[in-house]
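[1] sequence and predicted structure below; questions after.
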Amino acid sequence: MWHNGVFGNPTAGSVFESRPHMTTAKAVMINTAVQWEMAGTDLTRVRQGFGRADLTNLYNLRGKMFVVNETDVLTNLQTKSYTKAVLQNSTDPLKITLVYADPMGSPSATRARVNDLTLKVTAPDGTVYWGNNGLGVGGGMWSTSGGAANVVDTAENVFIQTPAAGLWTIEVVASELVQDARPETGGVIDADYSLVVSGISPAATVPVGGRVTTNAGKGLANAVVTLTDTNNQIRTTRADRLGYYRFDDVETGKTYTFSAKSKRYVFTPQTVTVNEELTELNFVAAP
């Protein structure tokens, strides 16, 4: 499913080139697992964990999911926030899962965890849910509000059985980074993570398009236009024989950088926040 872009994710030429990170695969399986049908005290996370992986449930939720595939990066004490909507009369639970890869710990340490990323979720009425609160020993199937930040686990969840309609705020906090967990950015102590949110309103999408021309107004056939979002995820398309191009299903409320390329011509990139359909995002070659 990932290779086919079912979750709106970018893809590549083969399943090996376009596979999710380990943390994302783990977060997706946890988030969309179905609980075993047990009774009494066995109907708890302590007894049955996250349940069983369910590909049917995963597929059915594909249009109601948001996935961060280790594309966002935090340094110590930084916070990344996301706002997601739950529709009125939604019958789906709201489930948020954070997973991060921690540097190797020491067997002799009191706490094996090295770095600490924290999941915090705020309901539309201001109620706060901390990752894993109410899901551990003595808890049940669903998160309870209040409590405190989890400082032990590298997989944190907030599961709300009947979420209130409205905007939910999801925060990932780098509470303690003491060792680099992301070698791609040398010389910096930072960490990335995977985040999966299900049970949310599908994001509104619109088409974005325009024309690529010379400075004399002639359309440039086969000009390559690139769309890059703030997570550096890239989409490309080619202009038709008259120079017109179009991207479908561009998510609203986000900022993108659009650039154009054609032999012998130079164009200025454009950064745009997309809130509605755009039909005249044009590129005119420099004189």
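    That came through, no problem.
[2] mind listing what's buried in stretch 271-282?
    Within stretch 271-282, the residues that count as buried by 16 or more other C-beta atoms under 10 Å are 274, 278, 281-282. C-beta coordinates here come from the backbone N, C-alpha and C atoms, glycine included.
[3] and stretch 156-164, by the same measure?
    156-160, 163.
[4] then stretch 238-245?
    239, 243-245.
[5] identify the farthest-apart pair in those residues.
    Within the buried residues of stretch 238-245, two members stand farthest from each other by C-beta to C-beta: Gly243 and Tyr245, at 7.7 Å.
[6] between those two, what contacts are shared?
    211-212, 223 (C-beta atoms under 8 Å, 6 or more residues apart in numbering).
[7] could you dump the residues you listed to CSV with pLDDT, distance to Pro93 and neighbour count?
    What follows is the shared contacts of Gly243 and Tyr245, written out as CSV (pLDDT from 0 to 100; distance: C-beta to C-beta, whole Å; neighbours: other C-beta atoms under 10 Å):
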residue, pLDDT, distance to Pro93, neighbour count
Arg211, 98, 45, 22
Val212, 98, 46, 27
Ala223, 97, 46, 24
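[8] which of those fall in helices?
    Nothing among the shared contacts of Gly243 and Tyr245 maps onto helices, per DSSP state H.
[9] list the buried residues in the lowest-mean-pLDDT helix or strand in the chain.
    Lowest on mean pLDDT, DSSP states H and E among the helices and strands of the chain sits helix 45-48, with a mean of 76. Neighbour counts over helix 45-48 (16+ other C-beta under 10 Å) mark 45, 48 as buried.
[10] one more: stretch 68-83?
    Residues of stretch 68-83 classed as buried by neighbour count (16+ other C-beta under 10 Å): 68-74, 80, 82.
[11] what's the neighbour count on Ser108?
    Neighbourhood size, Ser108 [other C-beta atoms under 10 Å]: 6.
[12] just checking, what packs against the longest helix anywhere in the chain?
    If you go by DSSP H, the chain has its longest helix at helix 22-32. Using 3 or more C-beta pairs under 8 Å, 6 or more residues apart in numbering; DSSP states H and E, the elements in contact with helix 22-32 are helix 55-60, strand 65-75, strand 94-99, strand 155-160, strand 190-198.
[13] can you give me the domain assignment for the chain?
    22-198, 205-284 (automatic domain parsing).
[14] in JSON lines, list those along with distance to Phe16.
    What follows is the domains of the chain, written out as JSON lines (distance: least, C-beta to C-beta, whole Å):
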{"stretch": "domain 22-198", "distance to Phe16": "14"}
{"stretch": "domain 205-284", "distance to Phe16": "19"}
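[15] return the closest of the shared contacts of Gly243 and Tyr245 with respect to Thr11.
    Ala223 (22.8 Å).
[16] that closest one contacts Lys261, correct?
    Yes - assessed by C-beta atoms under 8 Å, Ala223 is found in contact with Lys261 at 6.7 Å.
[17] just to revisit the earlier point, what comes up buried for the longest helix of the chain?
    For helix 22-32, using 16+ other C-beta under 10 Å, the buried residues are 23-24, 26-32.
[18] relative to strand 155-160, how tilted is that helix?
    Using axes from the mean of the first three to the mean of the last three C-alpha atoms, to 10 degrees, the direction of helix 22-32 lies 30 degrees away from that of strand 155-160.
[19] ok, and what's touching helix 22-32?
    So helix 22-32 is contacted by 20, 50, 53-54, 57-58, 61, 67-70, 95-101, 155, 157, 193-198 (C-beta under 8 Å, 6+ apart).
[20] distance to Met1 and mean pLDDT for the helices and strands packed on helix 22-32 - can I get that in CSV?
    As requested, the helices and strands packed on helix 22-32 are arranged in CSV below (distance: least, C-beta to C-beta, whole Å; pLDDT from 0 to 100):
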stretch, distance to Met1, mean pLDDT
helix 55-60, 7, 94
strand 65-75, 11, 94
strand 94-99, 17, 98
strand 155-160, 21, 97
strand 190-198, 13, 97
